[in-house]
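Undergrad: Below: sequence and its predicted model.
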Amino acid sequence: MWVLAIYLPSMFIAGSMYLAYDLYIRPFDGASYPWCLLAVMLWGVYMALVGVVRQYMDLFLPSAPAAVRDTLVDVGWLWVGIPVFIVDYILALFGHAWMVITMICLLGVLIAALLALWESLVRTYGK
């Protein structure tokens, strides 16, 4: 459990760093905005945070319902994370500046909402 709690978020951060580096070394007309890299990196932070919350629930909140854990993974990674990645990467490649900035704001809201959910879970199911 601890190994997964350490390496899973690291894989998302490393993957988004690789994608941001790939955009940086091969710039073209659409990816010339410096905040395209931020959009890709924030996606990695969001996905890593979903993994951190999931592993925290497994390790420190055993009284939390299993349905909450499963829903966190389903919604956080599959229903939100993957579509946001697809849109984010397409915008980083071909989007206009205002579209990329909007995606950055959306990812900021998603990260803040996930942190609020985490705090709520700790207050509800913590010891």
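TA: All right, it came through fine. What you see is a predicted model, and the numbers here were worked out from it, not measured in a lab. Numbers count the residues shown, from 1 in each chain.
Undergrad: My read is that residue 108 contacts residue 41, right?
TA: No - using Cβ atoms under 8 Å, residue 108 is not in contact with residue 41, being 11.9 Å away. C-beta coordinates here come from the backbone N, C-alpha and C atoms, glycine included.
Undergrad: where's residue 86 relative to residue 25, distance?
TA: Distance of residue 86 to residue 25, computed by Cβ to Cβ, to the nearest Å: 22 Å.
Undergrad: the more surrounded of these two?
TA: When residue 86 is set against residue 25 and neighbours are counted by other Cβ atoms under 10 Å, the residue ahead is residue 86, at 10 against 7.
Undergrad: In terms of pLDDT, where does the residue nearest the centre of the chain sit?
TA: In the chain, the residue lying closest to the centroid (Cα atoms, centre = their mean) is residue 46, at 1.8 Å. If you check residue 46, the pLDDT there is 95.
Undergrad: and the longest helix for the protein?
TA: Among the segments of the chain that qualify as a helix by DSSP state H, the longest is helix 97-125.
Undergrad: Pick out whichever of residue 108 and residue 41 has more residues nearby.
TA: Ranked by neighbour count (other Cβ under 10 Å), residue 108 and residue 41 place residue 41 first, with 17 against 13.
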